[in-house]
Every structure is written in structure tokens, then in C-alpha cells.
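Q: Coordinates only, no sequence provided:
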């Protein structure tokens with residue numbers, strides 16, 4: 001009877017989890033607009049149609065506008081990694097709405113490039129925090145059967161924002177994105193008020209009654225006397241996971257440096273670092289900052305702005321497909337397909353650009369740039385671009401739940417800053433084709449390592465994942 005009752009509850013328990021995912025992903029959509037913003041707007045800012053009172057920006061200023069976002073993300077990782085360990089998930093997410101609105105007001109009223117520099121740093125500061133807090137929050141509130149789905153919504157929402165920005169850049173003016181994100185952030189700030197804190201964090205703080213209410217909300221358990229047995233089972237599970245009984249007796253729940261070099265912690269950190277390196281060194285993220293410029297240089301048969309929108313649509317479709325496959329095909333399978341696909345797509349693009357650079361007539365193949373680049377972004381969205389944050393949140397031992405993702409994100413955004421800032425130099429040094437071959441080489445080596453060493457976490461509980469990493 002209890003088993004049957006539990007099954008019935010679990011059939012309807014995800015309703016509020018989906019609502020919470022929708023709310024926090026409004027912030028991710030806004031950050032997606034930020035990520036896509038430099039693509040179409042740098043072209044405008046570097047032209048005689050620049051909206052700045054000081055006129056058009058230089059090539060070097062344009063690279064700083066693109067890359068300072070990553071610098072802000074680096075600061076945000078460190079700051080929010082600390083804040084979330086002290087104040088939980090809900091409060092920092094609510095706090096973020098203020099700098100988001102300020103950053104877009106700076107663009108709305110920008111008079112010179114300094115306004116844009118400050119705006120990008122502020123937006124990055126928030127983005128760095130989002131990619132630490134949101135994956136952890138969704139992982140903590142989700143039941144096992146939809147944990148992968150909710151985690152994958154991060155990439156879908158980010159891609160929705162990127163696509164919206166590409167559309168804004170083509171069909172609207174420079175001032176449309178700030179107005180949209182400010183309105184979206186305001187709505188999100190209001191809706192966040194109705195979400196309880198993560199039950200895991202509340203248990204860490206020994207707030208048992210609040211944790212019970214949080215579990216009731218996120219698992220849709222109605223009535224104080226109903227589902228009591230299920231509620232207590234969930235409370236005991238979380239207490240065992242967090243180690244709350246040990247907390248009362250000792251400081252063993254606190255992270256020690258030895259946790260990084262032994263047991264599950266060591267393997268989790270190695271896997272996390274590997275995935276953020278792959279996320280950046282495959283080149284897909286950095287290339288989205290310069291999508292319009294890449295298509296302009298490749299001589300695509302379509303208008304570069306239309307190409308950018310097509311890529312945005314395909315990237316969104318790829319991330320959307322990943323949400324259905326992640327809990328069916330598994331993380332490892334998607335990563336293998338994703339890395340091999342990136343290799344094939346970038347190699348094809350690289351061969352086209354090599355032939356064009358060497359003076360061969362490739363006019364009849366001018367469809368290759370848009371086709372190969374779209375394929376790369378599509379297949380990268382299956383795993384390389386969409387799953388690192390989910391997998392890192394899943395595999396981190398409880399003692400490293402705050403430090404581990406923050407450290408991985410510090411590496412990610414540091415790399416992102418360097419690659420985005422110096423991609424124009426890399427392209428000038430190696431040529432477009434050389435750059436594509438370099439990224440393809442890194443991707444295929446990563447595919448081999450994934451086949452050999454990556455554990456599968458699909459459908460596994462926290463305890464099962466920790467046993468895999470021992």
C-alpha cells in the first residue's frame with residue numbers, strides 16, 4: 001500500500017519542480033541574451049551607425065567588450081560560490097536581479113565604451129553566479145527521474161536567450177534587448193518570492209520545520225497529515241546525504257583539502273575540470289561571440305545575420321532534443337556523439353576554408369559554412385554545451401557541493417576570457433582553417449577519453465554515484 005501510494009505521489013510530485021525550474025530559467029534566458037549580444041551588436045558598434053556619442057569602437061575595444069563578460073563571470077563564480085554556502089540558493093538568486101537591471105540600464109543609456117565595459121562586467125558577474133547556483137538548486141529540488149531533464153533546461157533556456165538576441169539584432173534596434181531583459185528580470189524577481197529555499201540547504205542549517213515545508217512544496221505533498229510517511233522518508237534521506245547528525249557532533253561535514261585528493265572528491269574534481277575544459281576548448285562557445293564575423297569571412301551564400309539566426313534556431317533545437325535524450329540515452333552516450341560530431345563538423349568547415357584561402361574555386365560549395373557550423377552547434381548542444389553543469393552538480397560529494405562547481409566555473413570563465421579575447425589573434429595566426437582544425441583535434445581526443453573513463457550517472461541516486469567514484 002505504501003509503495004503504491006508513493007508511486008501515485010511521485011506521478012504528480014514534479015509539478016512545482018517544473019514551476020521552480022521555469023522561474024529560475026527566466027534569469028538564464030536573460031543571460032543567454034547577454035551571451036548573444038556581442039555577435040550582432042559589435043558589428044553595429046564598429047560601424048558608422050554606432051549609437052555611442054563617441055562614435056564607432058575599434059577592433060581592440062570590440063574584443064574587450066566581448067571578453068569582459070568572462071572576467072565578470074570569474075568574479076561572480078568566486079563571490080556567489082561563497083554567498084550560496086552562507087545564504088542558500090533563493091536569496092542570492094533574488095539579489096542578482098539588481099545588478100542585472102543596472103547592467104542593462106547602462107547599455108540603454110550608454111554614451112561611450114566605458115558604459116559597455118561596466119555593463120558587460122556586471123552581466124558576467126551575475127552569469128558566473130547563475131551557473132554555480134541554478135544547477136545545484138535544480139539538482140537539489142528534483143526527484144531522480146526528472147533530475148536530468150531539469151538540469152538540461154539550463155542549456156535550453158540559455159539558447160532561447162541567444163536566439164532572441166540574434167533576432168533582436170536583425171529585426172530591432174540596439175535598445176530592444178535592454179528593455180526586454182529588464183522586464184523579464186522584474187517578472188522573475190516577483191516569482192522568486194513564491195519559491196521556498198532548497199530543502200538540502202535548510203537541513204544543513206538545522207531548520208527542520210522549514211525543510212519539511214520546502215519538501216511539501218517541491219514534491220507537491222498537500223495537507224499536514226497526508227503523506228507523512230513519504231515526507232519522513234525524504235527528510236531522513238536528506239539528513240543522511242547532508243550528514244546533519246554528524247554536523248551536530250563535529251566539524252567533519254566541513255570541506256578539508258584532503259577531500260580533493262582522495263576518494264570520490266578527487267575523481268569528481270577531475271571529471272568536472274575535464275568537462276569545463278572541453279566546453280571551452282572545442283571552440284563552440286567562443287565562436288558564438290563572433291558568429292556574424294565568421295560567416296562574413298567565410299563568404300557564405302546567405303546574409304551573415306540570417307546565418308546567425310539559423311545557427312541560433314539550430315542550437316536551441318539541439319539543446320531541446322538533449323532534454324529528452326539525457327534521461328533516456330544517458331550522459332556518456334550523448335557526450336561521445338557530441339564530441340565526435342563536433343570533430344566532423346569543424347573538420348569539414350576547416351577544409352572548406354583551407355581550400356578557399358589557397359585560391360581554389362569553392363563558389364558552388366558556399367552552403368558548407370552555414371551547414372557545417374550549424375551541425376557543430378546542433379550536435380554540441382546535445383552534451384558539450386548543455387550537460388557540464390548538470391554532470392558537475394550530480395557528481396560532487398556533499399562536502400564539495402559549493403567549492404567544486406565554483407572551482408570548475410572559475411576555470412571555465414578564465415578560459416572563456418582568454419579564448420574570446422584572443423580568438424581574433426588566433427584566427428590571424430593560424431587562419432580560419434587552422435583554428436578549426438585545432439578545435440577539432442581537441443574534441444576527438446576528448447571523445448576517446450570519455451569512452452575510456454567517464455562514469456554514467458543516468459537514473460542513479462547520490463549514494464550510487466558516490467560508489468561509482470570510489
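A: Happy to help now that I have it. Note that the structure is a prediction, hence the values are computed from the model and not measured. Residues are numbered from 1 along each chain as shown.
Q: quick one: contacts for residue 123?
A: 31, 34, 69, 72, 99-100, 103-104 (Cβ atoms under 8 Å, 6 or more residues apart in numbering). Where you see a C-beta, it was placed from the backbone N, CA and C, and this is true even at glycine.
Q: Excluding sequence neighbours, find me the nearest residue to residue 176.
A: Distances taken as Cβ to Cβ, 6 or more residues apart in numbering place residue 168 nearest to residue 176, at 4.7 Å, with adjacent residues excluded.
Q: The one you found: neighbour count?
A: 22 (other Cβ atoms under 10 Å).
Q: name the helices or strands packed onto the helix or strand it falls within?
A: Element membership for residue 168, per DSSP states H and E: helix 144-171. Judged by 3 or more Cβ pairs under 8 Å, 6 or more residues apart in numbering; DSSP states H and E, the packing partners of helix 144-171 are helix 15-45, helix 113-141, helix 176-192, helix 304-325, helix 388-395.
Q: Against which helices or strands is the shortest one packed?
A: Spelled out, that is helix 388-395. Applying 3+ Cβ pairs under 8 Å, 6+ apart, we find helix 388-395 packed against helix 113-141, helix 144-171, helix 263-281, helix 403-453, helix 462-469.
Q: where in the stretch 251-400 of the chain is pLDDT low?
A: Per-residue confidence for the stretch 251-400 of the chain (pLDDT under 70) gives these ranges: 251-259, 292, 298-302.
Q: swap in the stretch 101-250 of the chain?
A: Residues of the stretch 101-250 of the chain that meet the cut-off, pLDDT under 70, sit at 223-229, 231-232, 234-236, 238-250.
Q: 90 instead, please
A: Low-confidence segments of the stretch 101-250 of the chain, defined by pLDDT under 90: 128, 131-133, 135-156, 158-159, 162-163, 166, 169-174, 197-250.
Q: Just the ones of the contacts of residue 123 in strands?
A: The strands, defined by DSSP state E, take in nothing from these.
Q: thinking again about what came up before, wait, which of the helices and strands packed on helix 388-395 is closest to residue 94?
A: Residue 94 sits nearest to helix 113-141 of all the helices and strands packed on helix 388-395, at 10.9 Å, using Cβ to Cβ.
Q: between that closest one and helix 403-453, how many degrees?
A: 70 degrees (axes from the mean of the first three to the mean of the last three Cα atoms, to 10 degrees).
Q: quick one, helix 113-141 and helix 176-192 angle?
A: Interaxial angle, helix 113-141 versus helix 176-192 (the same axes, to 10 degrees): 30 degrees.
Q: roughly how far out does helix 113-141 sit from the chain middle?
A: Offset of helix 113-141 from its chain centre (Cα atoms, centre = their mean, to the nearest Å): 10 Å.
Q: Check which residues of that helix are buried.
A: With burial defined by 16 or more other Cβ atoms under 10 Å, the residues of helix 113-141 counted as buried are 113, 115-141.
Q: Show me where the stretch 201-350 of the chain has its strands.
A: Per DSSP state E, counting those that start in this stretch, the stretch 201-350 of the chain carries no strands over any range.
Q: now the helices: where do they sit in it?
A: For the stretch 201-350 of the chain, helices defined by DSSP state H, counting those that start in this stretch occupy the ranges 208-218, 228-242, 244-249, 263-281, 284-289, 291-298, 304-325, 331-357.
Q: circling back to that earlier point, does the residue nearest to residue 176 touch residue 175 like I think?
A: No. Look at residue 168 against residue 175 with Cβ atoms under 8 Å: they stay out of range, at 9.6 Å.
Q: Look up the closest residue to residue 97, ignoring the ones flanking it.
A: By the measure of Cβ to Cβ, 6+ apart, the closest residue to residue 97 outside its immediate chain neighbours is residue 189, 4.1 Å from it.
Q: I'd like to know which of the helices and strands packed on helix 144-171 is closest to residue 216.
A: Using Cβ to Cβ, the nearest of the helices and strands packed on helix 144-171 to residue 216 is helix 15-45, at 9.4 Å.
Q: Give me the buried stretch members for that closest one, please.
A: Neighbour-count burial for helix 15-45 [16+ other Cβ under 10 Å]: 16-17, 20-21, 23-45.
Q: one step back: can you tell me which of the contacts of residue 123 is nearest residue 49?
A: Taking Cβ to Cβ as the measure, residue 49 lies nearest residue 104 of the contacts of residue 123, at 20.7 Å.
Q: quick one, what contacts the residue nearest to the closest one when sequence neighbours are not counted?
A: Distances taken as Cβ to Cβ, 6+ apart put residue 178 closest to residue 104, at 4.0 Å, once the chain neighbours are dropped. Residue 178 is in contact with 104-105, 107-108, counting by Cβ under 8 Å, 6+ apart.
Q: Let me know the closest of the residues you listed to residue 435.
A: The shortest approach to residue 435 among those belongs to residue 107, at 29.5 Å (Cβ to Cβ).
Q: Is it correct that that closest one is in contact with residue 115?
A: Yes. Using Cβ under 8 Å, residue 107 makes contact with residue 115 at a distance of 7.1 Å.
Q: Could you report the pLDDT at residue 405?
A: At residue 405, the model reports a pLDDT of 81.
Q: Provide a list of residues in contact with it.
A: Contacts of residue 405 were listed using Cβ under 8 Å, 6+ apart, and they are 81, 132, 135-136, 272, 389, 392-393, 396.
Q: Pipe those into CSV and attach distance to residue 336 per row.
A: CSV is the format used below for those (distance: Cβ to Cβ, whole Å):
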residue, distance to residue 336
81, 30
132, 27
135, 22
136, 26
272, 18
389, 19
392, 18
393, 21
396, 23
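Q: if we can go back for a sec, of all the helices and strands packed on helix 144-171, which lies closest to residue 410?
A: Between those, helix 113-141 lies closest to residue 410; by Cβ to Cβ that is 8.5 Å.
Q: Pull out the buried residues from stretch 352-360.
A: Residues of stretch 352-360 classed as buried by neighbour count (16+ other Cβ under 10 Å): 352-354, 356.
Q: Pull the distance from the one helix or strand residue 79 maps to to the chain's centre.
A: Following DSSP H and E, one finds residue 79 within helix 59-87. With Cα atoms, centre = their mean as the basis, helix 59-87 stands 14 Å off its chain's centre.
Q: Report all helices and strands that that helix contacts.
A: With contacts taken as 3+ Cβ pairs under 8 Å, 6+ apart, helix 59-87 sits against helix 15-45, helix 90-108, helix 113-141, helix 403-453.
Q: Among those helices, which comes closest to residue 323?
A: helix 15-45 (10.7 Å).
Q: Between helix 304-325 and the closest one, find me the angle.
A: Counting by the same axes, to 10 degrees, helix 15-45 lies at 160 degrees to helix 304-325.
Q: what is the mean pLDDT for helix 15-45?
A: The average pLDDT within helix 15-45 is 90.
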